[in-house]
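# Everything below, folded, please.
(4 chains)
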2 protein chains.
Amino acid sequence: MKLSEGVEAAIHCTATLASVDGNSTMPGAALAEAFGLSPSYLLKHLNQLTAARILESLPGPAGGYRLARAAEQITLLDVVLAIEGREPAFRCSEIRQRGPVKIGASAYVKPCGINAAMLKAERAYRAALAEVRISDIVAEYAAEGDPRSYAASCAFVERHQRPQKSASSKQI
Amino acid sequence: MKLSEGVEAAIHCTATLASVDGNSTMPGAALAEAFGLSPSYLLKHLNQLTAARILESLPGPAGGYRLARAAEQITLLDVVLAIEGREPAFRCSEIRQRGPVKIGASAYVKPCGINAAMLKAERAYRAALAEVRISDIVAEYAAEGDPRSYAASCAFVERHQRPQKSASSKQI
DNA sequence: GTTATCCAGGATAAAATATATCTACGAATA
DNA sequence: TATTCGTAGATATATTTTATCCTGGATAAC
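Below is the predicted model of the structure:
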């Protein structure tokens, strides 16, 4: 029951990208610098976010990352699942069938009650994460975060973001 | 975001011990056999359950494990926390402070909004687990589980449980 | 008492996973 | 065409999980 560290980085990066203007992008190296992370490793996570359609990337000298959709359309659950994978935390390995008590496999067609209870709890967890949007995180930071910290973050974004001509490279 | 395998074993063992008569005990070796697990490793988990006051153990030739309190008083959350530990799955490492954006530590007295949202989700998870008691698991298994499987489990318990003289060794 | 059985706990090792880095490659822009 | 940047793969390191063994202590049966 532990989330990988990449989750924290992924959420912060997504929140940071929510602050860039319009269709501008921000290079992965700048994001790594912003949080003091190793660029080569952070790129892995940014890549996972891109694969999950949370971010989109533009190659080339003026390239970088930006949100693939509005910050209101991205939830914490989206980011967590992109990094952690979609499999539930509790995986029933049907331990019941492994001892000497086992009988025919037909006795185990019903899902284990323990498994059902664990999965129900995990649904509650995911539902709570799905209620929080990246835009909420950003808004809360702007409203209640320390003004100096917020100003510094904005300045950093301002300094590293790169305007783009086309609205979206993924538009066909 | 993965629960250790020991959780499944711990829940099954606790549920099994809920079926022994009165103050009888069941040796750890029998529990390991029931689920086809390595005895030496399962004992570690049973030990964790004992430390968490979920089980109690009696040494000696007629010893073994039994529930430390009624199955109605033990929830899935109790067992999960005993095995996984009580720390939350998401640990905010205050990544904000690590980049070049950082300013004085006084700017970070407020808890990170991301952290707050993640912890809130985890509270929902734990609340769902706390609603399920071991007695519920056992009752559901007896009522809806396959009759053959249930009968086999009962027979196994019957065969390995050991009556005790005193009600509880922990009573002072 | 003596012995046999059982749990507690430490040391240790193997396996799996997470973390981190590097390099070659492809895409896009100037 | 050269430069900048993301993509993907191979690979190394650290940490955690899983698993086993062994010593010691406690208890009941003999």
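# For residue A:157, which residues are in contact?
A:16, A:19, A:20, A:26 (CB atoms under 8 Å, 6 or more residues apart in numbering or on different chains). Every residue, glycine included, has its C-beta placed from N, CA and C.
# Over to residue A:85?
Counted by CB under 8 Å, 6+ apart, residue A:85 has contacts residue B:1.
# Looking at the contacts of residue A:157, spot the one nearest DNA strand D.
Lowest distance from DNA strand D to the contacts of residue A:157 (CB to the nearest atom of the strand) belongs to residue A:26, with 7.3 Å.
# wait, that closest one sits on residue A:67?
No: using CB atoms under 8 Å, residue A:26 makes no contact with residue A:67, being 10.3 Å away.
# what do the two both touch?
residue A:17.
# And the two? Which one has more around it.
The neighbour comparison of residue A:26 against residue A:67 (other CB atoms under 10 Å in any protein chain shown) goes to residue A:26, with 23 against 20.
# Skipping its backbone neighbours, what lies nearest residue A:119 in space?
residue A:88 (5.8 Å; CB to CB, 6 or more residues apart in numbering or on different chains).
# What distance do you get for the residue most central in space within chain A to DNA strand C?
Per CA atoms, centre = their mean, the C-alpha nearest to the average position across chain A is that of residue A:79, at 1.7 Å. Using CB to the nearest atom of the strand, to the nearest Å, we find residue A:79 at a distance of 14 Å from DNA strand C.
# sorry, back to before: may I ask which two of the contacts of residue A:157 are separated the most?
Of all pairs drawn from those, the greatest distance, 9.3 Å, lies between A:19 and A:26 (CB to CB).
# Mind pulling up the pLDDT for the residue nearest to residue A:119?
Here, the pLDDT recorded for residue A:88 equals 92.
# That one is in what secondary structure piece?
Under DSSP states H and E, no helix or strand contains residue A:88.
# Surely it and residue A:120 touch.
No: between residue A:88 and residue A:120 there is no contact, the gap being 10.5 Å when judged by CB under 8 Å.
# Could you check which of these two has the larger neighbour count?
residue A:88 (18 against 13).
# which residues touch that one?
Contact analysis of residue A:88 by CB under 8 Å, 6+ apart lists A:118, A:119, A:122.
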